[in-house]
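Enquirer: got a predicted structure here, sequence first:
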Amino acid sequence: MSQYDAIIIGAGMSGLAAGIRLAHFEKKVCLLEKHSLVGGLNSYYKFQGRRLDVGLHAMTNYVPRGIKSAPLNRLLRQLRIDYDEFALCPQNYSAVAFPGIKLRFSNDPELFSQEIRDNFPGQADGFRSLVRFIMGFNDLDLNAPHTSARETVRRYVTDRLLEDMIFCPLLFYGSAEENDVDFSQFVTMFKGIFQEGFARSLGGAKTILDVLVRRFKESGGELRLRSGVKRLHLGRDRVESVELENGEVLQAGMIFSSAGYPETLRLCSGSEAASLRPPTGRLALIESINILDRDPGKAGLDSTIIFFNNSERFAYERPQKAVDVRSGVICCPNNFHYPEPLPEGIVRLTHIANPEPWLAFPEAEYREQKQSWLQASWAEAVKLIPDFRPHIVLTDMFTPRTIVKFTSHIEGAVYGSPVKHRPGVTPWKNLFLCGTDQGFLGIIGAILSGISIANLHGLK
């Protein structure tokens, strides 16, 4: 029976970061990944000769090298990674688009503030006060109580349209709650999106993942791919062993799971684990990746990401139908400041989906539904951007069924349970959570989650 200091379940961004941090301090670490590629949903795959990113639109919290106190530079120091290794390319600009109004923002926070002054002059003072409160708030406090971000923001922003436009990007990029989010998470995402901004690695998700894997292995960590966990065998107050799907049994003093809290409990033996029933997420996503025969910028699409709502009211909730195409995210990976243009045009479209029908459709109907909703998604997108449909040469789409397959999240809930466990503790003394259900979201948030939980529970 193999013995380790720490076993980590899931080689996503948080699991890799936790593994690096522990291995730096000479812990014997085994990182288990059930699939053949690392990254979870923030990964990449090959499709008809192309490498396509999945999950990662952009990295939030972009800052230049010299700002030492920023989350990006702090985590790079913790992981002993040089700034240039991620090969980050900043965005052009992005926008929030609602009927009749668009607010632009970029990696310069003054642009968003000016857009609010121009379009909501009566809200300018309140928004400035909100930003001051946000910048003084400690969103990294792992013991902070859950607080409604909607209720907090309404103390400063009284226009419901502006409130929805502020919330739209933050909810789409990280909330497991319907129509709201914990204020600590709101602050993390607000800083990352509106105060710092977006960048993309040259080479996409693979660049970041390759750096993290290399650093983990250089630090002495052991990465096992195609090594799914079948069962966590529990003793009275701790995990006694980890059984893999191939029958191998491992032991470790500490177990870190990035699988999500409900998903981790499903792996646990014993009646105590079965009696715990944390809420599962209700929100899943559907996304198409559309490859074009030209650079979208040449057709007038120069924004990097557009968070949009085409209906009278913005609803971030499980739709009654299979998909709600009235709101979503339009991402154009071409529109970052690269040294050289990308070889092909790309437009990615993301919407909220109801997982129940997607998981129940028979295979033939599943394929038909994908095509039907793809057409509906395109039709909503071209209300906001130049019509790219005649230039599509290849399209692929993922659904909640895909998310279940590659992340094991129950019902394809990308952002996990609406109840987060920020200290990362469970009822068992040596079992800890990192990643989605620990509560830090986004690429930077996931990496910070792995670092903070490893520091807190693995390096006491």
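Expert: Received it, and whenever you're ready, just let me know what you need. Numbering: from 1, shown residues only.
Enquirer: now do the SS call for the residue nearest to Ala176 when sequence neighbours are not counted.
Expert: The spatially closest residue to Ala176, leaving aside those adjacent along the chain, is Tyr415, at 3.9 Å (C-beta to C-beta, 6 or more residues apart in numbering). (Glycine included, C-beta is placed from N, CA and C.) What DSSP: H, G, I helix; E, B strand; the rest coil gives for Tyr415 is coil.
Enquirer: ok, now which ones touch Tyr415?
Expert: With contact taken as C-beta atoms under 8 Å, 6 or more residues apart in numbering, Tyr415 is in contact with 174-176, 281, 283, 436, 441.
Enquirer: 10 Å instead?
Expert: Counting by C-beta atoms under 10 Å, 6 or more residues apart in numbering, Tyr415 touches 171-177, 181, 185, 260, 281, 283-285, 409, 436-437, 441.
Enquirer: next one: Asp295
Expert: By C-beta under 10 Å, 6+ apart, Asp295 lies in contact with 301, 332, 334-335, 341-346, 391.
Enquirer: PyMOL command to pick out the buried ones of those residues?
Expert: Applying 16 or more other C-beta atoms under 10 Å to the contacts of Asp295 leaves a buried subset, and the PyMOL line that selects it is:
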select buried, resi 301+332+334+335+345+346+391
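Enquirer: which members of the contacts of Asp295 are the farthest-apart pair?
Expert: Leu301 and Pro343 (17.1 Å; C-beta to C-beta).
Enquirer: just the helices in the stretch 1-150 of the chain please.
Expert: Per DSSP state H, counting those that start in this stretch, the stretch 1-150 of the chain has helices spanning 13-24, 71-79, 109-119, 124-135, 149-153. These are given in chain order.
Enquirer: ok so, going back, out of the contacts of Asp295, the closest to Trp373 would be?
Expert: For these, the minimum distance to Trp373 (C-beta to C-beta) is 19.4 Å, reached by Ile346.
Enquirer: is the closest one bridged to anything, and to what?
Expert: In this structure, Ile346 bridges to Ile291 when assessed by DSSP bridges.
Enquirer: per-residue confidence at it?
Expert: Ile346 carries a pLDDT score of 97 in this model.
Enquirer: same thing with the one 5 residues further on?
Expert: We note a pLDDT of 98 for His351 in this prediction.
Enquirer: relative to Pro400, how far out is it?
Expert: Here the criterion is C-beta to C-beta, to the nearest Å. By it, His351 lies 11 Å from Pro400.
Enquirer: who touches both of these two?
Expert: The overlap between the contact sets of His351 and Pro400 (C-beta under 10 Å, 6+ apart) consists of 285-286, 322-323.
Enquirer: buried ones in stretch 395-411, by neighbour count?
Expert: For stretch 395-411, the buried set under the neighbour-count rule, 16+ other C-beta under 10 Å, comprises 395-404, 406-411.
Enquirer: mind checking the end-to-end distance for stretch 450-460?
Expert: From its first residue to its last, stretch 450-460 covers 15 Å (C-alpha to C-alpha, to the nearest Å).
Enquirer: roughly how far out does that stretch sit from the chain middle?
Expert: The chain centroid and the centroid of stretch 450-460 are separated by 21 Å under C-alpha atoms, centre = their mean, to the nearest Å.
Enquirer: what of stretch 416-426?
Expert: Going by C-alpha atoms, centre = their mean, where stretch 416-426 is centred and where its chain is centred differ by 15 Å.
Enquirer: same check, this time on stretch 35-53
Expert: Between the centre of stretch 35-53 and the centre of its chain there are 15 Å (C-alpha atoms, centre = their mean).
Enquirer: then stretch 335-344?
Expert: Taking the mean of its C-alpha atoms, stretch 335-344 sits 23 Å from the chain's own mean (C-alpha atoms, centre = their mean).
Enquirer: residue contacts, Ile291?
Expert: 47-48, 50, 52, 344-347, 391-396.
Enquirer: same question for Ile9.
Expert: By C-beta under 10 Å, 6+ apart, the contact set of Ile9 is 15, 30-34, 227-229, 232, 242, 255-259, 263-264, 267, 431, 434-435.
Enquirer: same question, Arg214
Expert: Neighbouring residues of Arg214 by C-beta under 10 Å, 6+ apart: 20, 81, 85.
Enquirer: of those, closest to Lys460?
Expert: Ile20 (17.8 Å).
Enquirer: how much space between the closest one and Lys206?
Expert: The separation that Ile20 has from Lys206, given C-beta to C-beta, amounts to 17 Å.
Enquirer: who has more neighbours, the two?
Expert: In this comparison of Ile20 against Lys206, neighbours counted by other C-beta atoms under 10 Å, the higher total goes to Ile20 at 28 against 17.
Enquirer: and the pLDDT for that one?
Expert: Each residue has a pLDDT score; the one for Ile20 is 98.
Enquirer: buried stuff in the longest helix seen in the chain?
Expert: Scanning the chain for the longest helix, with DSSP state H as the assignment, gives helix 363-381. For helix 363-381, the neighbour count (16+ other C-beta under 10 Å) marks 369-370, 373-374, 376-378, 380-381 as buried.
Enquirer: how about those in a markdown table, adding distance to Asn455 and pLDDT?
Expert: Listed next are these as a markdown table, based on distance: C-beta to C-beta, whole Å; pLDDT from 0 to 100:
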| residue | distance to Asn455 | pLDDT |
| --- | --- | --- |
| Gln369 | 45 | 98 |
| Lys370 | 43 | 98 |
| Trp373 | 43 | 98 |
| Leu374 | 44 | 98 |
| Ala376 | 46 | 98 |
| Ser377 | 41 | 98 |
| Trp378 | 45 | 98 |
| Glu380 | 43 | 97 |
| Ala381 | 42 | 97 |
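Enquirer: now these as TSV including distance to Glu272?
Expert: Converted to TSV, the buried residues of helix 363-381 look like this (distance: C-beta to C-beta, whole Å):
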residue	distance to Glu272
Gln369	40
Lys370	41
Trp373	41
Leu374	45
Ala376	46
Ser377	44
Trp378	49
Glu380	47
Ala381	48
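Enquirer: CA-only coordinates of stretch 61-68, as CSV, when you get a sec.
Expert: The C-alpha coordinates for stretch 61-68 follow below in CSV (Å, rounded to 0.1, in the frame of the first residue of the first chain):
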residue,chain,number,x,y,z
ASN,A,61,-6.9,39.9,-12.1
TYR,A,62,-4.4,40.9,-14.7
VAL,A,63,-1.8,43.3,-13.6
PRO,A,64,1.7,44.2,-14.8
ARG,A,65,4.7,42.5,-13.2
GLY,A,66,5.6,45.4,-10.8
ILE,A,67,2.4,45.5,-8.7
LYS,A,68,3.6,43.2,-5.9
